[in-house]
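**Q** 3D model of this:
(one chain, ligands or ions: 1)
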Amino acid sequence: MNKNDIAQSASTLAARLGPAPDIAVLLGSGWGPFAEQVQGAVDVPYAELPAFPALGVGGHKGLVRAGTVGTRRVAVLAGRKHAYETGEATGMLGAIRTLAAWGVKLLLQTNAAGSMDATMRPGELMLISDHINLVQRSPLIGEPGDGRFCDMSDAYTPALRQQARAAAAAVGTQLHEGIYAWVLGPQFETPAEIRMFQAFGAQAVGMSTVPETIIARHAGMKVLALSMMTNMAAGMEKETLSHAHTLATANAASERAVATLAAVVQSLEL
Ligand code: HPA
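**A** Predicted coordinates:
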């Protein structure tokens, strides 16, 4: 992936989808049905965008969809490359830089996560207030220039979080807020690890989002992120963790999550 790939991908998006919307929504596990909320949808598959990743995990469509939700124009990215697939944190580097080059201002991320807070139950949603990069891997390794030393305070724009909280309240969704700890995976955590992350002050744990936040902040975009709790983290309850269990909880919770996301998308003032 290089600058030409990004420029070419951005011009393909502009040619096929028109001017960039202000908001791009990156859909994680459980959030896929949001793509069906988009009216007047026009799709461009990742395969036609040289800066975008080839996706490994089944069930991920890999497409950029532009259209409207209510009166708000959005782009939706269905499909994320995870660091656990390659060990690299750069899987979404080209895709997110393409969004920035196209003119998108806000990356609104969604994901599935394990809850480390006994009062935050499976199916419930958490607005990410901050993150902990436990993996200590960066998508900016090798990046030239002083821009690489980018500030990560207020990575998740406080004013937009405030608006998201109000939008969720208006549609009657309980929205937790807390800190997301990024683990590499793909294995789930041990109970001892979860106790350590709790002691570090994190409320949710997951295998995505943090690299994309770093890429977007470095590219000058704002970031907002919503986590869907698909399980209580390892050792907190008796259940055995599995991907199938994660997906089943995500499917059961997706209707409310999608309605909340639609409300948030429509309410944001950038
Ligand atoms: N741990 C890590 N990632 C996750 C989890 C979890 O418990 N649930 C969903 N994604």
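**Q** what is the mean pLDDT for the longest helix anywhere in the chain?
**A** Criterion DSSP state H: the longest helix present in the chain is helix 243-267. For helix 243-267, the mean pLDDT works out to 92.
**Q** name the helices or strands packed onto it?
**A** If you count contacts as 3 or more CB pairs under 8 Å, 6 or more residues apart in numbering; DSSP states H and E, helix 243-267 packs onto strand 23-27, strand 63-69, strand 72-78, strand 106-115, strand 125-133, helix 158-170, strand 222-232. In short, each C-beta sits where N, CA and C put it, glycine included.
**Q** May I see the buried residues of that helix?
**A** Burial within helix 243-267, assessed by neighbour count using 16 or more other CB atoms under 10 Å, is assigned to 246, 249-250, 253-254, 256-265, 267.
**Q** same for the ligand: which of the residues you listed are within range?
**A** Counting by CB under 6 Å from any ligand atom, residue 246 from these sit close to the ligand.
**Q** Let me know the closest of the buried residues of helix 243-267 to residue 44.
**A** In terms of CB to CB, no member of these lies closer to residue 44 than residue 265, at 19.6 Å.
**Q** Now for the closest one: which residues touch it?
**A** By CB atoms under 8 Å, 6 or more residues apart in numbering, the contact list for residue 265 reads 23, 25, 69-70, 72, 74, 108.
**Q** Of the residues you listed, which is the most crowded?
**A** residue 25 (28 neighbours; other CB atoms under 10 Å).
**Q** Might one say that that residue is in contact with residue 261?
**A** Yes: contact criterion CB atoms under 8 Å: residue 25 and residue 261 qualify, at 7.1 Å.
**Q** gap between residue 47 and residue 89?
**A** Distance of residue 47 to residue 89, given as CB to CB, to the nearest Å: 22 Å.
**Q** And these two? Which one has more around it.
**A** residue 89 (24 against 11).
**Q** List the contacts of the more buried one.
**A** Contacts of residue 89 (CB under 8 Å, 6+ apart): 83, 135, 137-139, 141, 211, 214.
**Q** And the residue of the stretch 101-250 of the chain closest to the ligand?
**A** residue 114 (2.2 Å; CB to the nearest ligand atom).
**Q** Next one: that residue from residue 24, what distance?
**A** 26 Å.
**Q** is the residue of the stretch 101-250 of the chain closest to the ligand in a bridge, and if so with what?
**A** residue 205, residue 231 (DSSP bridges).
**Q** Thought residue 204 was touching it, still the case?
**A** Yes: contact criterion CB under 8 Å: residue 114 and residue 204 qualify, at 6.7 Å.
**Q** Quick one, which of the contacts of residue 265 has the minimum pLDDT?
**A** residue 70 (94).
**Q** and residue 259, what does it touch?
**A** If you count contacts by CB under 8 Å, 6+ apart, residue 259 has them with 171, 173.
**Q** Sketch out the low-pLDDT regions of the stretch 151-270 of the chain for me.
**A** Nowhere does the stretch 151-270 of the chain drop to pLDDT under 70.
**Q** Can you give me every residue that contacts the residue most central in space within the chain?
**A** What sits nearest the mean C-alpha location of the chain, by CA atoms, centre = their mean, is residue 109, with 2.7 Å. Contact analysis of residue 109 by CB under 8 Å, 6+ apart lists 25-26, 28, 128, 209, 212-213, 223-226.
**Q** picking that back up, and of the buried residues of helix 243-267, the nearest to residue 151?
**A** Out of the buried residues of helix 243-267, the member with the shortest distance to residue 151 (by CB to CB) is residue 264, at 24.6 Å.
**Q** how many other residues sit next to residue 40?
**A** Neighbours around residue 40, by other CB under 10 Å: 8.
**Q** Give me the helices and strands touching the helix or strand harbouring it, please.
**A** Using DSSP states H and E, residue 40 falls within strand 39-45. When contacts are defined as 3+ CB pairs under 8 Å, 6+ apart, strand 39-45 packs onto helix 3-17, strand 63-69.
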